[in-house]
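Chemist: The amino acid sequence is not available; the structure is as follows:
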């Protein structure tokens, strides 16, 4: 049995080490662009600066049409109040906001240290291990709710345990306030109430009047619900539950799919913890783990899909042909086993210790797992973050048990698993930042092309791309209204998109941005976009297709009509007028070339094909037309 960890001495140097490691790990990402749902929190912060008591009192186009923010946002507004306060003092630059979000990240890592002091004998290692996990670094480089919520969550548990242990009502009161703050940051914070209730009953083995402190966050949250209902005429918390149920019914995946995806996300997001496996178990464990991995790979290779994603895809390489996507199957199996290991740690710790602390860790891990696996609208890395503190503590408790050296602060053998854990975590965080930055870069590139014609440009897509496009003065398309511009920009990797009617729109250009090419984070923010939080493999560039509304140039339209009627001279006349009005009109140059070819003017057609390709190198039709024209004209070899 482990020597009582409550005797572990507080160390200022340990806290300083944790703070330095946290800050040093996050500073490289301080210029990261805003992405995914971050614009929602930023826009709410802007509204709070205008009217602090009407935080959702505005409309936004987030799902393809304008709607009230109170019906779109699925989180309480506390983080937005924090952003509003920071930006009112220091401005809206990414570096400023990210710098201030290092504070809740430090609060979380230090909070894990303080909490771990009463659970295990190496609390500093528990905190460092938590930092070097993909879910910690990626979440800490975001300005969404997750890190702040979990920071309040951890400190609430620490203060509650200290209050019970030392019979200090002040600690319990502050803990209750932290529970409320966690809940007003993200609704998941409410799970602290049943968690601490179970812990208290197990610790005291009877009803204790101190449980009444748990009514404080209930009353405070009820007050928030009352306020939001009176402001917006509906319960925002109830809307969240309804939203989850609607999505669950829409994407009705089986229990097996949900469980495997939940395990795979758990294992991938907490991958850093699993590098400690060689320290935690005997050799026989790895024989069993290898057998399970082979078995799971075999099972996955025999099923067609998981969570709506096909595990079969015809691949040809040299003389070898297979239909199984072995790379994806292997990564799902490996991550699922890593996730299963986290659950096994919680079970074995409860069996071994049989006390209130072990019960707390068990319900913390399993309660969170059940929530994001079977109750939430999707499984995402953001949902898995709350498990991280408990899982890190469980790893150290297992080390204490296995090595039977409870007073060990740090051993050299701990360095070997920490190094790959840090490397993988930084790689995933860099991939996420690369993706976010590509959307900001795309908006800037588009602005360079169309800065003088903003009123003519409309765009689809949301997330960071929408934030930066709107900040540059462009408007998102409202699907319920007629298009207001002549140019439409559509990203290929985004949400709530509608392909344009190709009878009225045509592609004239493409903006392309490359992200980290060896790591895909397609499923990180939602399992509806991928069965893994991240996966090794080649990733496609981010494409932003530029379409032109046909009626933007009447001459172009008339040219198309005359061409279809085989009146090529009239078509040439109107196409020339179109490129005269809009010299960078790639489609018009291409069609002009086609009409000139029909009139036997091959050399002049080649000029316009080349002009079309200089404007839009990805215009495949123009390239094929150019090659054909050169062959006809007898200039083979000049097509490059």
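Modeler: Yes, it's here. All of these numbers come straight from a predicted model, not from anything done at the bench.
Chemist: now the strands: where do they sit in the stretch 301-450 of the chain?
Modeler: All strands of the stretch 301-450 of the chain, identified by DSSP state E, counting those that start in this stretch, fall at 305-306, 309-310, 312-317, 320-324.
Chemist: Check the chain too.
Modeler: Secondary structure of the chain (DSSP state E): strands at 59-61, 66-68, 305-306, 309-310, 312-317, 320-324, 457-459, 475-476, 487-491, 505-513, 519-520, 535-536, 542-549.
Chemist: which one of those lies closest to residue 126?
Modeler: Smallest distance to residue 126 across the strands of the chain (CB to CB): 27.1 Å, for strand 519-520. Placement of C-beta: from N, CA and C, glycine included.
Chemist: thinking again about what came up before, would you single out the least confident of the strands of the stretch 301-450 of the chain?
Modeler: If you rank the strands of the stretch 301-450 of the chain by mean pLDDT, strand 312-317 sits at the bottom with a mean of 64.
Chemist: can you list the domain ranges for the chain.
Modeler: Listed by automatic domain parsing, the domain ranges of the chain are 5-430, 433-550, 554-633.
Chemist: Now mean neighbour count too, for these, in CSV please.
Modeler: Shown next, in CSV, are the domains of the chain (neighbours: other CB atoms under 10 Å):
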stretch, mean neighbour count
domain 5-430, 19
domain 433-550, 19
domain 554-633, 19
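Chemist: Identify whichever of the strands of the chain lies nearest to residue 403.
Modeler: Relative to residue 403, the nearest member of the strands of the chain by CB to CB is strand 535-536, separated by 32.2 Å.
Chemist: roughly how far apart are the most centrally placed residue in the chain and residue 381?
Modeler: In the chain, the residue lying closest to the centroid (CA atoms, centre = their mean) is residue 525, at 3.3 Å. As defined by CB to CB, to the nearest Å, residue 525 lies at a distance of 7 Å from residue 381.
Chemist: quick check: angle from the longest helix along the chain to strand 487-491?
Modeler: Counting residues, the longest helix found in the chain (DSSP state H) is helix 415-450. Computed with axes from the mean of the first three to the mean of the last three CA atoms, to 10 degrees, the direction of helix 415-450 lies at 170 degrees from that of strand 487-491.
Chemist: Quick one: distance of helix 415-450 to the chain centre.
Modeler: Relative to the centre of its chain, helix 415-450 is centred 12 Å away, using CA atoms, centre = their mean, to the nearest Å.
Chemist: so for that helix, what's the average pLDDT?
Modeler: 93.
Chemist: What of stretch 615-628?
Modeler: Mean predicted lDDT for stretch 615-628 stands at 88.
Chemist: contacts for it?
Modeler: For stretch 615-628, the external contacting residues (CB atoms under 8 Å, 6 or more residues apart in numbering) are 507-510, 512, 584-587, 589-590, 593-594, 597, 605-606, 609-610, 612-613, 639.
Chemist: switch the cut-off to 10 Å
Modeler: Residues outside stretch 615-628 that contact it (CB atoms under 10 Å, 6 or more residues apart in numbering) are 506-512, 543, 545-546, 583-591, 593-594, 597, 602, 605-606, 608-614, 636, 638-639.
Chemist: circling back: what's the overlap in contacts for residue 525 and residue 381?
Modeler: Common neighbours of residue 525 and residue 381 are listed as 138, 432, 533 (criterion: CB under 10 Å, 6+ apart).
Chemist: In CSV: these, plus distance to residue 161.
Modeler: Putting those into CSV (distance: CB to CB, whole Å) gives the following:
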residue, distance to residue 161
138, 29
432, 34
533, 31
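Chemist: Pick the one among those residues closest to residue 11.
Modeler: Of these, the one sitting nearest to residue 11 (CB to CB) turns out to be residue 138, at 28.6 Å.
Chemist: hang on, isn't that closest one packed against residue 381?
Modeler: Yes: judged on CB atoms under 10 Å, residue 138 makes contact with residue 381 at a distance of 6.5 Å.
Chemist: overlap in contacts of those two?
Modeler: 146, 269, 428, 432, 521, 524-525, 533-534.
Chemist: These in helices, which ones?
Modeler: Judged by DSSP H, the shared contacts of residue 138 and residue 381 include 146, 269, 428, 432 as members of helices.
Chemist: Out of those residues, name the two that are farthest from one another.
Modeler: Farthest pair in these, by CB to CB: 146 and 428, 15.2 Å.
Chemist: Residue 87 is in contact with residue 93, correct?
Modeler: Yes: when contacts are counted by CB under 10 Å, residue 93 is listed as touching residue 87 (8.8 Å).
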